[in-house]
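> need a structure here:
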Amino acid sequence: MNKTLNFGALACAITLALAGCSQSSNTTDIGNKSTIKAQTAETYSAKTFFDTTSIMGNSFAPSGDKVLVSSDESGIYNLYEIDINTGDKTQLTNFKGSTYPVRYFPNDERALFTKDSGGNERYHIYVKQLDGSIKDLTPGDETRASFAGFTKDGSQFFITSNQRDAKFMDLYSVDSDNYKVSSVYQNELGLDVGAISPDGRFIALSKNNTNKDSDTYILDTYKKTLKPQLISKHDNPAQYTPETFSADGKYLYYSTDAKGEFSQVWRYELARGNHSPALEDDWDVNFIYFSKSGRYQVSGVNADASTKVTILDTRTGKNVAMPTLPNGNLRSVNFSSDEKTMAFYLNSDTSPSNLFVWQVGDISAKQLTNSLSKEINQNDLVESTIVRFKSFDGLEIPGVLYKPKQASSTNKVAALIWVHGGPGGQSRTGYSAAQQHLVNHGYAIFAVNNRGSSGYGKTFFHLDDKKHGTDDLQDIVYGKKHLQSLDWVDSDKIGIMGGSYGGFMTAAALAFEPEEFKVGINIFGVTNWVRTLNSIPPWWESFKKALYDEMGDPATDGERHRAISPLFHAKNITKPLMVIQGANDPRVLQVESDELVAAVKANGVPVEYVLFDDEGHGFTKKENRISASNAYLNFLDTYLK
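Below is the predicted model of the structure:
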């Protein structure tokens with residue numbers, strides 16, 4: 001499902017403070033009762049949980065003997081290269097701000113990476129040159145840029161940048177030798193670059209028409225007119241989003257939900273203009289891409305809040321037989337340029353992402369990292385179950401439930417409803433230090449995927465359009481009622497917490513359902529939709545119409561926005577509140593949290609406010625994630641448990 005907007009949808013690195021980023025789960029029946037006695041588990045501090053190393057990226061060097069990653073082992077994400085034979089890491093950068101890998105150059109060991117300033121989301125593209133020097137390829141205080149791919153021969157690469165117009169991302173090519181930047185396409189129509197053919201000739205572009213409808217275009221750069229050609233003509237609203245080109249450049253693969261409830265992948269033959277199905281499943285097909293020669297096809301399906309990755313050998317038409325691996329789901333699969341070595345991550349509820357390399361066809365793979373703190377016994381951590389319950393109108397709502405080891409019918413525990421970001425996000429299975437820390441200290445967590453969440457079909461996804469803070473809030477309330485039906489939950493001790501849109505839902509629950517939850521933790525949540533929808537970052541221009549279709553246009557829906565904004569109803573908040581905010585947040589401005597805190601304090605209600613001066617919409621620095629997790633636990637121990 002293509003999400004039109006997700007206030008909380010940054011890289012997994014940024015959302016580590018809030019929720020897991022990956023896979024693995026079990027399923028349980030609605031209203032399942034506990035017949036298992038409480039277990040014992042050692043408890044660990046937030047510092048120990050965040051002694052866990054977060055790592056991302058797996059670009060192979062041209063030689064194939066090392067991979068480029070970003071790791072926060074020093075407390076800040078910086079670039080490292082890992083020798084695949086020894087596992088030795090060499091630090092490549094030492095910035096004070098978080099730094100994320102793009103990839104090595106195809107023909108030498110220069111490395112591209114990206115970083116912003118203090119969480120302001122104005123990412124620049126940098127190159128670490130062979131002599132160790134760093135060059136900013138996209139300078140400018142207001143510039144926001146992203147990487148769009150190399151040509152197959154490596155002679156040039158592509159970036160998008162809003163340096164010409166803050167509202168629109170134009171496409172540029174960059175010479176790999178001298179970094180000369182040339183304009184390829186000026187984005188006057190509000191289109192977004194989706195994919196570029198291996199030879200650089202064809203550009204696939206997308207346009208958001210509404211939050212239910214989008215189009216895909218092909219731009220042939222060999223034609224002087226540079227006029228994008230629409231290839232997704234359709235009568236009924238549907239999403240069409242470019243994914244990737246085939247390695248030979250003959251086909252564009254795109255996703256669409258035009259054929260049913262869930263997104264499928266189709267392919268478009270550039271020479272003849274023919275469309276044909278490529279991949280479909282009983283869930284959304286989330287992505288597809290190919291190794292350099294096209295021999296290996298990698299695809300992923302969002303199967304009930306977990307990603308299932310399939311690797312197909314296109315020569316044989318058979319799935320690649322993987323070696324025996326630890327429990328967990330594959331993610332971020334990548335191949336060396338000769339396609340003999342594969343790098344990938346494994347992630348589960350009880351294990352953060354670990355990097356593996358595998359000589360394709362060998363009986364075993366090599367684990368290069370051990371990300372979980374050595375002080376933590378993995379058996380003390382909790383695996384989730386997928387649970388469904390009926391909401392106020394009979395609609396079935398899914399969620400991800402974590403039951404503390406110490407919970408039983410004779411040892412009832414306090415619980416939290418956890419609300420994801422969005423609108424249109426999804427709580428998923430996978431490791432989260434913040435969640436496991438709270439569960440480890442005896443708090444059940446039920447991450448409810450209320451109506452409007454992605455991953456459950458387009459009908460479910462659109463059920464909250466212009467109903468935010470009403471119908472979806474009732475799903476959260478009924479999630480609480482489900483918790484109260486469990487014989488191991490203390491029904492009088494249930495709170496709510498969430499980040500971004502989930503922070504809004506937390507504040508809305510306290511303002512509009514003031515007797516339902518005992519406490520709330522609002523993590524950089526929207527509290528004033530009137531202000532937020534009038535102050536969105538300029539680079540969101542291309543999907544502003546889709547955003548307004550979902551949330552309402554501030555020019556015509558201001559009254560409703562005011563009615564659902566917790567700030568204007570803060571007098572109703574009577575339960576203890578915690579607010580967490582980043583001062584540099586460009587999505588949810590600090591003033592949103594400042595005003596809510598002041599208004600609730602005026603009620604004589606306990607309020608705790610944690611402000612990080614060096615963060616934006618998410619916490620990327622390890623010391624801040626530790627501080628936030630300690631704050632959550634101390635607040636809950638004081639006012640809930």
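> where do the helices sit along the stretch 1-150 of the chain?
12-15, 46-49 (DSSP state H, counting those that start in this stretch).
> Lowest average confidence across those, which one?
Note on the helices of the stretch 1-150 of the chain: helix 12-15 shows the lowest mean pLDDT, a mean of 36.
> measure N211 to G430 for me?
Remark: distance between N211 and G430 (CB to CB, to the nearest Å) = 27 Å. Any C-beta I mention is one placed from the backbone N, CA and C, and that applies to glycine too.
> And the two? Which one has more around it.
G430 (29 against 26; other CB atoms under 10 Å).
> lowest-confidence helix or strand of the protein?
Lowest mean confidence among the helices and strands of the chain (mean pLDDT, DSSP states H and E): strand 26-27, at a mean of 32.
> can I assume P398 is in contact with S306?
No - if you go by CB atoms under 8 Å, P398 and S306 don't touch, sitting 11.7 Å apart.
> Show me what the helix or strand where N634 lies is packed up against.
Following DSSP states H and E, one finds N634 within helix 622-639. Applying 3 or more CB pairs under 8 Å, 6 or more residues apart in numbering; DSSP states H and E, we find helix 622-639 packed against helix 46-49, helix 433-440, strand 520-523, strand 577-582, strand 607-612.
> For it, buried residues please.
622, 624-633, 635-636, 639 (16 or more other CB atoms under 10 Å).
> try stretch 339-356
Buried residues in stretch 339-356 (16+ other CB under 10 Å): 341-356.
> Which members of these occur in helices, if any?
Nothing among the buried residues of stretch 339-356 maps onto helices, per DSSP state H.
> Just the ones of those residues in strands?
341-348, 351-356 (DSSP state E).
> H468 contacts S565, correct?
No - in this structure, H468 is not within contact of S565 by CB under 8 Å, at 10.4 Å.
> now the stretch 51-200 of the chain, which segments are flagged as low pLDDT?
Along the stretch 51-200 of the chain, no part satisfies pLDDT under 70.
> let's see it at 90
96-97, 118-120, 166-167, 188-190 (pLDDT under 90).
> can you check the stretch 301-450 of the chain too?
327, 422-423.
> Please, where are all the strands along it?
For the stretch 301-450 of the chain, the strands defined by DSSP state E, counting those that start in this stretch occupy 306-313, 318-319, 329-335, 341-348, 351-359, 366-367, 385-390, 396-402, 413-419, 444-448.
> Identify whichever of the ones you listed lies nearest to V184.
strand 329-335 (25.8 Å; CB to CB).
> Quickly run through the sheet partners of the closest one, with directions.
strand 341-348 (antiparallel) (DSSP bridges).
> Please name the residues that touch K47.
I626 (CB atoms under 8 Å, 6 or more residues apart in numbering).
> where's it relative to G424, distance?
34 Å.
> what do you get for A599?
28 Å.
> ok, these two, which is more surrounded?
G424 (25 against 20).
> Please look at the more buried one and S453 and confirm they touch.
Yes - counting by CB under 8 Å, S453 is a contact partner of G424 at 7.1 Å.
> Can you work out which residues contact both of these two?
Joint contacts of G424 and S453 (CB under 8 Å, 6+ apart) are F461.
> where does G31 land on pLDDT?
Value listed for G31 in the pLDDT field: 39.
> wait, I meant S34
44.
> and if you look at V591?
V591 is given a pLDDT of 93.
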